[in-house]
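**Q** got a sequence here, can you model it:
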Amino acid sequence: MKNKIFILIILISLALRFYKLGVIPAGLDWDEVSNAYNAYSILKTARDEFGTFLPLTNRSFDDYKPPLYMYLNVPTVAIFGLTPFAARLPSALLGTLSTIFIYFLVKRLFKKEALALISMALAATSPWQLQFSRVGFEANLGLFMAISSFTLLLYALPMLKEKFSSRKATVFLLSAFSFGLSFYSYHSERIFIPLLFLVSLIIYRQDFLKIPKKLWVIFIAITIFLVLPFFIFTPFKAISQRLDETSQSTTIQNIDQSIVFMKEDNYSYLSKIIHNRRLLIATNYAKNYLANFDVNYLFIKGDNNLRHHIENMGMLYLIELPLLIYGLYFFIKERSKSTIFILAWLILSPIPAAPGNVAPHAIRSFTMIISLEIVISFAILKIYEQIKWKKAYMGLLLSAYFLTFIVYLHNYYVHYWHDNASWWQHGYLQAVSKTKVVKNNYNRIIVDPSIEQAYIFWLFGTKYDPKSYQINGNKEHFDKYYFTPVQPENSKDLFVTAKSLPQEFDIIDTINFPNGEKNISIGHPK
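**A** Predicted coordinates for the structure are as follows:
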């Protein structure tokens, strides 16, 4: 029976992640397009769009994404072509694998089959995980690398009365590979995973001491071997640029505010203490960190980016709020190694999001979802074990979950894609298709900057030859396509814009959002 439930949850997880995968959300995000086209470029030339041989970062829009998702896109693009489905396929598969790994993680930690299955079911149907499993974001890969790394590590430990065996040694070294590769998955994992690993060394120090020293040497060597190339071959700009993007503006604001406050206090000794820029920066970090535990964010409305969640809903189901509170109470009360490990996971998860200029941030603190689901699952099982009317409890709980889940699915598949397509660059690839059809009728096709990062969409949509682009193309121009704010004056030049066309232009086509609102106009001077 338990095996049947396990398989059923996997099938549900797959169905939820693959149904209309290339269609909903209604449009590819520019990061998805960048990963997919650069995978296509590597497939054809072994170089990215900039001509870098097998790069250790995806330079993309000079935001230097970790490269692992891009490389996972290479086989999917090779098999399914340069399509939205291929761009999102690795994420959908990894989302399902994360569901499986949470089962084994919980079973290892708590030795309870029922708890493992409940956690697995929550992961399979979680709105937070579904949102990112259905799009090609590196964060979903990062989550998988985190849960797989620590699951392997915990299975390698000789916990309780277990003995260290050759099988555990193999798993231990596999975890080293996973830890090393995680560095190339997502930025947050470069902070979260080392921190949780250090905490794990403290929590399970007696178990770690049972591992032979020679295996530790191999473990460390494997990890260093995988991570070191990033620091050797990656330009310093690739490391500093990301930090500047996410936190520099906030830090500058804190420094400016510190100067203003001290000036208002005539630079008194006290003002230099209480308005110290380091104190203001630290306070801002603390505020950003705590914002990720905001009940309103988690259960009511989510963050301010509708690419991260559907409208009028938090990252978790509202019915899970009392269960989370109840579960946290018992986790704190129990204070076993396993509960401390999961609490540490929860506490450390938002740290990578703290320096950012946006808080809360559903992607940067995405690893929280694992600990939250386990705590909620713990509460569900604990109540079941304690309550007298078990059948009534389970019937009520399952009915509430089912109703909430059906409402979520309805909103996601019916309203979300229809009403919030503007968050997903809807119409960009349609515009590419329309200009591709009429390309031979015009001297130039000029794309206005109102279509953001347009060049990558035209590369993707036209399947433009990567080698030709590396030799003759750039972000401003390739083939007949020009990406410039300068409007054409010749009737033989086609103009594509997300703004209204001037009156002296003939409109040859328009692309609307699914809700009927005007999106992109295509035309030329009369």
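
**Q** what are the buried residues along stretch 73-86?
**A** Asn73, Val74, Thr76, Val77, Leu82, Thr83, Pro84, Ala86 (16 or more other CB atoms under 10 Å). (Each C-beta comes from the backbone N, C-alpha and C, glycine too.)

**Q** which among those residues gets closest to Asn512?
**A** Pro84 (19.2 Å; CB to CB).

**Q** once you drop chain neighbours, what's closest to the closest one?
**A** Gly22 (3.8 Å; CB to CB, 6 or more residues apart in numbering).

**Q** dead centre of the protein: give me the residue that sits there.
**A** The centre of the chain sits closest to Ala139, judged by CA atoms, centre = their mean, with a distance of 2.4 Å.

**Q** which SS class is that one?
**A** helix (DSSP: H, G, I helix; E, B strand; the rest coil).

**Q** go ahead and confirm it touches Phe192.
**A** No: between Ala139 and Phe192 there is no contact under CB atoms under 8 Å: 11.3 Å.

**Q** thinking again about what came up before, of the buried residues of stretch 73-86, which belong to helices?
**A** Asn73, Val74, Thr76, Val77, Pro84, Ala86 (DSSP state H).

**Q** give me the residues contacting stretch 35-50.
**A** Stretch 35-50 is contacted by residues 28, 53-55, 58-60, 65, 69-74, 76-78, 82, 86-87, 136, 138, 456, 459-460, 463, 465-467, 469-470 when judged by CB atoms under 8 Å, 6 or more residues apart in numbering.

**Q** pLDDT weak spots in this structure?
**A** 237-280 (pLDDT under 70).

**Q** can you map out the strands along it?
**A** 444-447, 477-478, 481-483, 493-497, 505-512, 518-525 (DSSP state E).

**Q** follow-up on the earlier one: which of the contacts of stretch 35-50 count as buried?
**A** Buried, going by 16+ other CB under 10 Å: 28, 55, 58-60, 65, 69-74, 76-77, 82, 86-87, 136, 138, 456, 459-460, 465-466, 469-470, out of the contacts of stretch 35-50.

**Q** show me what contacts Phe299?
**A** Gly314, Met315, Leu316, Tyr317, Leu318, Glu320, Leu321.

**Q** in CSV: those, plus distance to Leu153 and neighbour count.
**A** Formatted as CSV, the contacts of Phe299 follow (distance: CB to CB, whole Å; neighbours: other CB atoms under 10 Å):
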residue, distance to Leu153, neighbour count
Gly314, 31, 23
Met315, 27, 26
Leu316, 27, 25
Tyr317, 30, 22
Leu318, 34, 13
Glu320, 28, 24
Leu321, 31, 16
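
**Q** let's have the residues you listed in JSON lines, adding distance to Lys214.
**A** As requested, the contacts of Phe299 are arranged in JSON lines below (distance: CB to CB, whole Å):
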{"residue": "Gly314", "distance to Lys214": "48"}
{"residue": "Met315", "distance to Lys214": "44"}
{"residue": "Leu316", "distance to Lys214": "44"}
{"residue": "Tyr317", "distance to Lys214": "48"}
{"residue": "Leu318", "distance to Lys214": "52"}
{"residue": "Glu320", "distance to Lys214": "45"}
{"residue": "Leu321", "distance to Lys214": "49"}
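
**Q** give me the subset of these lying in helices.
**A** Residues from the contacts of Phe299 lying in helices, with DSSP H as the criterion: Glu320, Leu321.

**Q** closest to Lys436 among the contacts of Phe299?
**A** Using CB to CB, the contacts of Phe299 come closest to Lys436 at Met315, 38.5 Å.

**Q** burial of the residue lying closest to that closest one once chain neighbours are set aside, as a residue count?
**A** Distances taken as CB to CB, 6+ apart place Trp128 nearest to Met315, at 4.3 Å, with adjacent residues excluded. A count of nearby residues for Trp128, using other CB atoms under 10 Å, gives 23.

**Q** which residues in the stretch 201-350 of the chain form helices?
**A** Secondary structure of the stretch 201-350 of the chain by DSSP state H, counting those that start in this stretch: the helices cover 205-208, 213-233, 236-243, 249-264, 269-274, 277-291, 295, 320-334, 337-348.

**Q** oh, that last question was meant for the stretch 1-150 of the chain, not what I typed.
**A** Counting by DSSP H, counting those that start in this stretch, the helices of the stretch 1-150 of the chain are 2-18, 30-45, 68-80, 84-110, 113-125, 127-133, 138-156.
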